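[1] predicted structure and sequence below. I'll ask about it afterward.
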Amino acid sequence: MKTSRKWFFAVILLSVFAGAAFGEGRKDEVQRLQRATQVFNEIMRVPEKGIPEELLDRAACIAIVPGLKKGGLGIGGKYGKGLVMCRTEANRKAWSAPSFITVEGGSFGLQIGFQQVDVVMLVMNRNGMEKLVGDKFTIGADAAAAAGPVGRQVSAETNARLDAEILTYSRAKGLFAGVTINGAVLKQDKDDNRDFYGKEMDPRAILFEGKVPVPAEAKPLVAALTRESPRKKR
């Protein structure tokens, strides 16, 4: 009987420690979700300087990389972690759970010194979506990218950049604008997904198939995306 009790308490202790370790492992990803939500809300708060509603409505996916580090001397470089969410195949009004990503390499052009910028990318079509769930791809080389137009009421119909698979934006020191980030490599972060969900996850199942419920920590971002989409207003 005593041996059974010892095993029982041992199992309870292991469960508690495992739960604590899991929670600690999710800490960075949860903070990244919170920061991404803050970035999106702040950008969309000023209508004349936000992402055009029509483009957000058409976007198949949105990637947000808060606090991407860029800089260097002459050539420059960048590195950051973020997340991506897509409209599910079953319901185009619904947004998926998040899949975590890493962006690295490339340059914003001639620059001296270092700074952090918030980066937002709209993935506009199925071809871009397929690149997104692959091992990795280079923006501007493997997927056509362009600086996105700014202004909530900007008409997308007259903009040739609609041909791009990815529209890119950045915000630095409070200024939000379309910017090219060609040469950056974007890849799914399997380690971060495993930390956040507690097991190995297929990005396609998370983003496209709607098989992964939106976790509580991601619901504020889903609510913000839904609120800003004209699709919801019709």
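    Nice, I can see it. What you are looking at is a predicted structure, and each value in this text was computed from that prediction instead of being measured.

[2] which stretches in the chain count as helices?
    With helices called from DSSP state H, the chain shows them at 2-44, 53-58, 126-132, 190-197, 203-207, 219-228, 230-233.

[3] mean pLDDT lowest for which of these?
    Note on those: helix 230-233 shows the lowest mean pLDDT, a mean of 55.

[4] what does stretch 138-153 rub up against?
    Around stretch 138-153, the neighbours that count as contacts under CB atoms under 8 Å, 6 or more residues apart in numbering are 44, 47-53, 55, 105-106, 121-122, 127-128, 131, 137, 156, 159, 161, 163-169, 176-186. In this view, the C-beta of every residue, glycine as well, is placed from N, C-alpha and C.

[5] one more time with 7 Å, if that's ok
    Residues from elsewhere that reach stretch 138-153 (CB atoms under 7 Å, 6 or more residues apart in numbering): 47-53, 55, 122, 128, 131, 137, 159, 161, 164-169, 176-186.

[6] might you calculate how far it sits from the centre of the chain?
    15 Å (CA atoms, centre = their mean, to the nearest Å).

[7] and for stretch 194-203?
    16 Å.

[8] and it, what's buried?
    Buried residues in stretch 194-203, counting neighbours by 16 or more other CB atoms under 10 Å, are found at Asp195, Phe196, Tyr197, Met201, Asp202, Pro203.

[9] then stretch 81-101?
    Buried residues in stretch 81-101 (16+ other CB under 10 Å): 81-88, 95-101.

[10] looking at the contacts of stretch 138-153, which are in strands?
    Counting by DSSP state E, those place Leu122, Phe137, Ile166, Leu167, Thr168, Tyr169, Phe176, Ala177, Gly178, Val185, Leu186 in strands.

[11] burial count for Val34?
    One correction, residue 34 is Gln, not Val. Other residues within reach of Gln34 by the criterion other CB atoms under 10 Å amount to 15.

[12] mind checking pLDDT for the residue lying closest to Glu89 once chain neighbours are set aside?
    Spatial nearest neighbour of Glu89, chain neighbours left out: Phe208 (5.5 Å); criterion: CB to CB, 6 or more residues apart in numbering. At Phe208, the model reports a pLDDT of 90.

[13] surely Phe208 and Cys86 touch.
    Yes. Between Phe208 and Cys86 there is a contact under CB atoms under 7 Å: 6.3 Å.

[14] what's in contact with stretch 206-218?
    30, 33, 61, 84, 86, 88-90, 96-99, 133, 205, 222.

[15] can I get it as PDB, trimmed to CA atoms?
    Taking Å, rounded to 0.1, in the frame of the first residue of the first chain, the C-alpha atoms of stretch 206-218 are listed here in PDB:
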ATOM      1  CA  ILE A 206      -2.500  24.900 -38.100                       C
ATOM      2  CA  LEU A 207      -3.000  27.500 -40.900                       C
ATOM      3  CA  PHE A 208      -5.100  25.900 -43.600                       C
ATOM      4  CA  GLU A 209      -7.100  23.000 -42.400                       C
ATOM      5  CA  GLY A 210      -8.700  24.600 -39.300                       C
ATOM      6  CA  LYS A 211      -7.900  21.500 -37.300                       C
ATOM      7  CA  VAL A 212      -6.100  23.400 -34.500                       C
ATOM      8  CA  PRO A 213      -8.500  25.400 -32.200                       C
ATOM      9  CA  VAL A 214      -7.400  29.000 -31.700                       C
ATOM     10  CA  PRO A 215      -5.700  29.100 -28.300                       C
ATOM     11  CA  ALA A 216      -6.900  31.700 -25.700                       C
ATOM     12  CA  GLU A 217      -3.700  33.600 -26.100                       C
ATOM     13  CA  ALA A 218      -4.300  34.200 -29.800                       C
END
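
[16] alright, calling it a day.
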